[in-house]
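In: Give me a model of this one.
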Amino acid sequence: SHGRGARTWTDEEAAAKLASLRPVKDGRLITVRFDSTVGDVLPWSFIPAQLDVKVVPGETALSFFTATNKSDKAITGVATYNVHPPKVGLYFNKIQCFCFEEQRLLPGETVDMPVFFFIDPEIMDDPQLKHVNNVTLSYTFFQTDMDDEEDDDDDEEDEDEAA
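Out: Got it, this is the predicted structure:
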């Protein structure tokens, strides 16, 4: 599927929490900074649309990253992520994220890729994190298809082998 937007997948468990999710009253403001890099061989630019967002625990936030394929071939990549400080990762819930799916960009194509997230209100009860006001969410994109797969016949053969 070559839509204009990125392919996103929903984490049903995180989404289910949304119904009862409320921003913590008088909750402390946490600044989530975004960081992005690309693997050595991937000819993409990949940048956050905004450098940071401020949220209170229990408040949802939607942020975008922009990726551009700077090569003359269609390329598929996948993003890994990490959260710093690492213990905050326990409370960091991504409802939708481009990192859940491989992303295929056509030559010269630019896509805006969303991450929809919240920080679990339970972070407020964690004594080890009571002084944490800054969190960094880092993504690294890696190329997943090392060869050129533009020939549709190859895809069909792959499906036959998998059957």
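In: neighbours around Ala67, how many?
Out: 25 (other CB atoms under 10 Å). To be clear about C-beta, it is placed using only N, CA and C from the backbone, and glycine gets the same treatment.
In: contacting residues around it?
Out: Taking CB atoms under 8 Å, 6 or more residues apart in numbering, we find Ala67 in contact with 6, 44-46, 77, 103, 105, 110-111, 113, 141.
In: Apply 6 Å and report the result again.
Out: Residues in contact with Ala67 (CB atoms under 6 Å, 6 or more residues apart in numbering) are 44, 46, 111.
In: Can you give me the buried ones in the host helix or strand of it?
Out: Assessed by DSSP states H and E, Ala67 sits inside strand 60-69. Going by neighbour count (16 or more other CB atoms under 10 Å), the buried part of strand 60-69 is 63-65, 67, 69.
In: Neighbouring strands of that strand in the sheet, and parallel or not?
Out: Sheet pairing of strand 60-69 (DSSP bridges) gives strand 44-48 (antiparallel), strand 110-119 (antiparallel).
In: in the shortest one, what counts as buried?
Out: For strand 44-48, the neighbour count (16+ other CB under 10 Å) marks 44, 46, 48 as buried.
In: on that earlier part again, need the strands paired with strand 60-69 in JSON lines with distance to Cys97, can you?
Out: Output for these, formatted as JSON lines (distance: least, CB to CB, whole Å):
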{"stretch": "strand 44-48", "distance to Cys97": "13"}
{"stretch": "strand 110-119", "distance to Cys97": "5"}
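In: So for Phe98, which of these sits nearest?
Out: strand 110-119 (3.6 Å; CB to CB).
In: Any chance you could list what contacts the closest one?
Out: Contacts for strand 110-119 (CB under 6 Å, 6+ apart): 6, 57, 60-68, 91, 93-98.
In: what's the next helix or strand after that strand packed up against?
Out: Going down the chain from strand 110-119, the next helix or strand is strand 134-143, by DSSP H and E. Contact here means 3 or more CB pairs under 6 Å, 6 or more residues apart in numbering; DSSP states H and E; on that basis strand 134-143 packs against strand 30-38, strand 75-84.
In: Swap in 10 Å and give it another go.
Out: The helices and strands touching strand 134-143, judged by 3 or more CB pairs under 10 Å, 6 or more residues apart in numbering; DSSP states H and E, are strand 30-38, strand 44-48, strand 52-55, strand 60-69, strand 75-84, strand 92-97, strand 110-119.
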